[in-house]
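> Dropping the sequence and predicted coords here.
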Amino acid sequence: MNYDQLINPVVRDIPPSGIRKFFDIAAEMKDCISLGVGEPDFITPWNIREAGINSLKNGLTCYTSNAGLPELRQLICRYYQERFDVSYDPVQCLVTVGASEGIDLALRATVCPGDEVLIPEPSYVSYAPCIQLAGGIPVPLHTSDKNGFKLTSAAVQEKLSPRTKALILTYPNNPTGGIMTREELLEMSKALDGTNVLVISDEIYAELTYGGRHAAFGSLPGMWERTITLNGFSKAFAMTGWRLGYILAPLPLIKQMLKIHQYTILCASITSQSAAIEALKHGFDTDFSDVRSMRREYNRRRNFLVRQFNDMGLSCFEPLGAFYVFPCIRSTGLSSEDFCQRLLQEYHVAAVPGTAFGTCGEGFLRCSYACSMDHLIEACKRIRAFLETL
């Protein structure tokens, strides 16, 4: 068999994930501390796990409707109305297998061959490959630590063209932890006036902000009709393995994404959906809820890690969202790839090169503080020792 002739060249030419490469090495390395993968070290809160268990005990092992359980979709819409002041009807909600499926559906339902999709970089590793798999062309918009990795109206206008189909927004940002305030989003949105450009707003870290509430892009004046909102349960509720997300969008867009979902996925797990109902019903009941407790602990770790990197001489701006820091390592004279390779091999600490998130990530590395404080303390000791050898 000539497999080179059988394999789609678009798929063949897409590189493997820069995150997974380091994670896979670290997984086989004894006593390695991984700051690489963005997965909470918290266990899903008990009341949510119990809801999933009870759904199995009660015999809920069937398919759901393609779009998801009606009660869950109602709760998702209520959540976005109460938390972020954006109104949706349940028919404008589609439950997905993680927010990652939402990225794929949004792009495949809208992007035609040759269409351009703007992506702020550094950004999550899946965007560019999913655009290419849909036949589109990823167009990076480079951001900088000088302004907290925020996207500007000027940057968007510079890259807009007659072929621009969509702009992906990813705030709070993975990998930088940068956020954009409502005022900054309003200013940036002016670049879209008079265009037919969609906005795909990935808001998976909406509940993980420090010092202010997340601003949903769909809540801005005139932006609801052009916005596809992606979110899920993985980060806020420590439900990564449950693989559950959702899309909120105008009905004409939801209908097309639902068709792809019907043919490729059918529906999300009913067990996960049952657990998610409990998460939205009781996840924010008190100031001491699990969601708020986890956020307080992330904030403690965030403050520790930023202070440690700056004390080491690795300039690190203060991230105000998600659970990552993005320190600059240019002062070491090493490339991001070399720094991370040596740190892993010599001191058994796994971080992700900034270049995994776009070319403008050169000179940075991403470290997740979704691991325990004990691990962070030990990792910082090892990184400091590594820097002393340089």
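Perfect, thanks for sending it.
> these two touch, right, residue 233 and residue 241?
No. With contact defined as C-beta atoms under 8 Å, residue 233 does not count as touching residue 241 (10.6 Å). Placement of C-beta: from N, CA and C, glycine included.
> The two: who's more crowded?
Under the criterion of other C-beta atoms under 10 Å, the comparison of residue 233 against residue 241 puts residue 233 first, with 27 against 10.
> got a list of what that one touches?
Counting by C-beta atoms under 8 Å, 6 or more residues apart in numbering, residue 233 makes contact with 239, 242, 244, 245, 272, 276, 279.
> Out of those residues, give me the two with the largest separation.
245 and 279 (12.5 Å; C-beta to C-beta).
> so residue 123 is in which element?
Remark: residue 123 resides in no helix or strand, with elements defined by DSSP states H and E.
> my guess is it contacts residue 357, does it?
Yes. The pair residue 123 and residue 357 qualifies as a contact (C-beta under 8 Å) at a distance of 5.8 Å.
> Find the residues that touch each one of these two.
Residues touching both residue 123 and residue 357 by C-beta under 8 Å, 6+ apart: 174, 175.
> Could you name the helices and strands sitting against whichever strand or helix holds residue 48?
Assigned by DSSP H and E, residue 48 belongs to helix 46-57. Packed against helix 46-57, as judged by 3 or more C-beta pairs under 8 Å, 6 or more residues apart in numbering; DSSP states H and E, are the following elements: helix 270-282.
> in the helix it packs on, what counts as buried?
270, 271, 272, 273, 274, 275, 276, 277, 278, 279, 280, 281 (16 or more other C-beta atoms under 10 Å).
> Model confidence score at the last one, please.
Residue 281 is assigned a pLDDT of 94 by the prediction.
> What residues does the closest residue to it other than its chain neighbours make contact with?
In space, and not counting its chain neighbours, residue 281 is closest to residue 75: 6.7 Å by C-beta to C-beta, 6 or more residues apart in numbering. By C-beta under 8 Å, 6+ apart, residue 75 lies in contact with 277, 280, 281.
> angle of whichever strand or helix holds residue 75 against helix 270-282?
Under the criterion of DSSP H and E, residue 75 resides in helix 70-84. Angle, helix 70-84 to helix 270-282, by axes from the mean of the first three to the mean of the last three C-alpha atoms, to 10 degrees: 40 degrees.
> Convert the C-alpha atoms of helix 70-84 to CSV, please.
Written as CSV, here are the backbone C-alpha positions of helix 70-84 (Å, rounded to 0.1, in the frame of the first residue of the first chain):
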residue,chain,number,x,y,z
PRO,A,70,-33.8,20.3,27.1
GLU,A,71,-33.3,21.0,30.8
LEU,A,72,-29.6,21.5,30.4
ARG,A,73,-30.0,23.8,27.4
GLN,A,74,-32.5,25.9,29.5
LEU,A,75,-30.0,26.1,32.4
ILE,A,76,-27.1,27.1,30.0
CYS,A,77,-29.2,29.9,28.6
ARG,A,78,-30.2,31.1,32.1
TYR,A,79,-26.6,30.9,33.2
TYR,A,80,-25.5,33.2,30.3
GLN,A,81,-28.3,35.6,31.0
GLU,A,82,-27.6,35.9,34.8
ARG,A,83,-23.8,35.8,34.7
PHE,A,84,-23.0,37.7,31.5
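> ok, which stretches of the stretch 51-200 of the chain are strands?
Remark: strands assigned in the stretch 51-200 of the chain by DSSP state E, counting those that start in this stretch are 93-96, 116-121, 137-142, 164-169, 198-202.
> what element comes up after the lowest-mean-pLDDT helix or strand in the chain heading to the C-terminus?
Ranked by mean pLDDT, DSSP states H and E, the weakest helix or strand in the chain is helix 18-27, scoring a mean of 70. Toward the C-terminal end, the helix or strand that comes next after helix 18-27 (DSSP H and E) is strand 33-34.
> Residues contacting that next one, please?
So strand 33-34 is contacted by 23, 26, 27, 348, 349, 350, 371, 375, 378, 379, 382 (C-beta under 8 Å, 6+ apart).
> Which of those fall within strands?
349, 350 (DSSP state E).
> Dump the contacts of strand 33-34 into CSV; add neighbour count and distance to residue 187 as well.
Below are the contacts of strand 33-34 laid out as CSV (neighbours: other C-beta atoms under 10 Å; distance: C-beta to C-beta, whole Å):
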residue, neighbour count, distance to residue 187
23, 16, 37
26, 19, 40
27, 13, 43
348, 17, 44
349, 25, 39
350, 25, 38
371, 20, 36
375, 16, 39
378, 15, 42
379, 25, 38
382, 15, 42
